[in-house]
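Participant: Here is a sequence with its predicted model. Questions after.
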Number of protein chains: 2
Amino acid sequence: MVGRPVNHQRRAELLDAAVEYAAEYGFSELSWRPVAAALGVSPTTLVHHFGTKEQMLEAILGRLRERMFVATRDLAGEQPDLAAQARATWVRACDPQHAAEFRLFFAVYGRALQAPQQFAAFLEHAVAYWMSALVDAQGPDTDLATATRTATLVIATIRGLLLDLLTTGDRDRVQGAAESFLATLEHPATLEHPATLERKA
Amino acid sequence: MVGRPVNHQRRAELLDAAVEYAAEYGFSELSWRPVAAALGVSPTTLVHHFGTKEQMLEAILGRLRERMFVATRDLAGEQPDLAAQARATWVRACDPQHAAEFRLFFAVYGRALQAPQQFAAFLEHAVAYWMSALVDAQGPDTDLATATRTATLVIATIRGLLLDLLTTGDRDRVQGAAESFLATLEHPATLEHPATLERKA
DNA sequence: CCATTGATAGCACGACTGTACTAGAAATGA
DNA sequence: TCATTTCTAGTACAGTCGTGCTATCAATGG
């Protein structure tokens, strides 16, 4: 290690640039030299500010999670209920402008599969957030167990559909499936007490 | 390239062993030398049988897809309808015995995000399979557009939930969410015409 | 018996990796 | 003014990577 004390502002600049580079070239292509060349600095500069390559990867992941969470929160916060929040989240996820970011986000899951303990907390955070949104919408008498189930299902389904969209690019098919799911969200009873539902004939 | 003509039986042996190695150590750790050492052969032997590292990776992916597809087909073929097939698939996915295989399967998606065209056909295949299962269960008057939506949603949701399970290990939470989803599958009307559903009071 | 084929291994080469060491440039404060 | 701190860069080194070249072993068929 060459220099430990760093200016946090400069480091933040480099970090944001590194996140953009990662979003464009993927997580597997993150080596000191290519990243440094793309950022117009020397590899040593990156080492100086991030210490270790593993620490730089960790910093990139952290910054990415931060971005994603803030964006989701800002977007969902304007929506009245869970179904509307889920729909808004889905719409944002489908925006081609964010494709690279979400693509990188799934690379995070690739890492999570190898080191789950680092990411469990983040997913817990996401579930807790969706649960609070659900309680806000349904009032304080919401069954927490049900809310947990629903929040988990919303997250997993949106993630699965988005993964499908990013790998196939078949927008129409995935959008149709998403509409089916979002429709069930607008009828929460189907998730809570499916046995009480009947066709209307 | 050193030797082109290969005995396919020996190659298949090495391939299966390589798939097991990949399932244990992940896709990022696939270099000639470590794999060869684990398989008890020389790196040159692997080169001889697979040609190029990229070709070996492709062979491993192909073999993995084959395994997964056969297993899913055999399992689902014994079930009466779509909901039962989805449940059986989910149960198998949750079996810790197959965890390493599914973990590796998600690494495939990591690759798919970088080279989508290679994997679009496979996913189309999976959707077509689930659609045929759905048509078998519902009869020839099934709406194909609806069947496509449902098949896509089933695949994406199971994949998303499984990804959640593998990264968090929170079996209870994910299982609850899966039950919610599987319950909606047993009421297909909620996916087709949600507007026609009402609470039963 | 020998010749051919295929499996296996050893070795070497160039490219790339992370990172430690060294040093110059620029800013900052006494 | 000078001394200290921080940023940046150059260089070197040990390791790993993919892969081509060469040689040895066993089996097979004439």
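Facilitator: In hand now; what should we look at?

Participant: Not counting sequence-adjacent ones, nearest residue to the most centrally placed residue in chain A?
Facilitator: By C-alpha atoms, centre = their mean, the mean C-alpha position of chain A lies nearest to A:M68, the distance being 5.2 Å. Of all residues not flanking A:M68 in the chain, A:F105 sits nearest, at 6.1 Å (C-beta to C-beta, 6 or more residues apart in numbering or on different chains). Backbone N, C-alpha and C define where each C-beta goes, glycine included.

Participant: which stretch of helix or strand covers the one you found?
Facilitator: helix A:99-114 (DSSP states H and E).

Participant: swap in A:R63?
Facilitator: Using DSSP H and E, A:R63 sits within helix A:53-77.

Participant: which other residues reach that helix?
Facilitator: With contacts defined as C-beta atoms under 8 Å, 6 or more residues apart in numbering or on different chains, helix A:53-77 is touched by A:15-16, A:18-19, A:22, A:27, A:30-32, A:46, A:50, A:85, A:88-89, A:92, A:101, A:104-105, A:108, A:111, A:122, A:125-126, A:129, A:133.

Participant: Can you flag which of those residues belong to helices?
Facilitator: Using DSSP state H, A:15-16, A:18-19, A:22, A:32, A:46, A:50, A:85, A:88-89, A:92, A:101, A:104-105, A:108, A:111, A:122, A:125-126, A:129, A:133 are the members of these that sit in helices.

Participant: Can you say which of those residues are buried?
Facilitator: Neighbour-count burial (16 or more other C-beta atoms under 10 Å in any protein chain shown) applied to those gives A:15, A:18-19, A:22, A:32, A:46, A:50, A:85, A:88-89, A:92, A:101, A:104-105, A:108, A:111, A:122, A:126, A:129, A:133.

Participant: per-domain residue ranges of chain A.
Facilitator: Structural domains annotated on chain A: A:1-51, A:65-193, as defined by automatic domain parsing.

Participant: Switch these over to a markdown table; also include mean pLDDT and distance to DNA strand D.
Facilitator: Shown next, in a markdown table, are the domains of chain A (pLDDT from 0 to 100; distance: least, C-beta to the nearest atom of the strand, whole Å):
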| stretch | mean pLDDT | distance to DNA strand D |
| --- | --- | --- |
| domain A:1-51 | 89 | 3 |
| domain A:65-193 | 81 | 16 |
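
Participant: Now tabulate these in TSV and tack on distance to B:A115.
Facilitator: Formatted as TSV, the domains of chain A follow (distance: least, C-beta to C-beta, whole Å):
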stretch	distance to B:A115
domain A:1-51	11
domain A:65-193	10
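
Participant: between these, which one is nearest to DNA strand C?
Facilitator: domain A:1-51 (3.4 Å; C-beta to the nearest atom of the strand).

Participant: Quick one: distance of the helix holding A:R63 to the chain centre.
Facilitator: In this view, helix A:53-77 has its centroid 8 Å away from the chain centroid, taken as C-alpha atoms, centre = their mean, to the nearest Å.

Participant: Can you give me the distance of the residue nearest to the centre of chain A to B:R159?
Facilitator: Taking C-beta to C-beta, to the nearest Å as the measure, A:M68 falls 19 Å from B:R159.

Participant: And stretch A:21-35, what's buried?
Facilitator: Under the neighbour-count criterion of 16+ other C-beta under 10 Å, stretch A:21-35 has A:21-23, A:25-27, A:30, A:32, A:35 buried.

Participant: show me the contacts for A:L165.
Facilitator: Taking C-beta under 8 Å, 6+ apart, one finds A:94, A:171, A:174 in contact with A:L165.

Participant: that's a strand at it, yeah?
Facilitator: No: A:L165 is assigned helix when assessed by DSSP: H, G, I helix; E, B strand; the rest coil, not a strand.

Participant: Compute the distance between it and A:L75, please.
Facilitator: 18 Å.

Participant: For the closest residue to chain B within chain A, which non-adjacent residue is closest in space?
Facilitator: Closest to chain B within chain A is A:G160: 2.8 Å, counting by C-beta to the nearest C-beta. Excluding the flanking residues, the one nearest A:G160 by C-beta to C-beta, 6+ apart is B:G160, at 2.8 Å.
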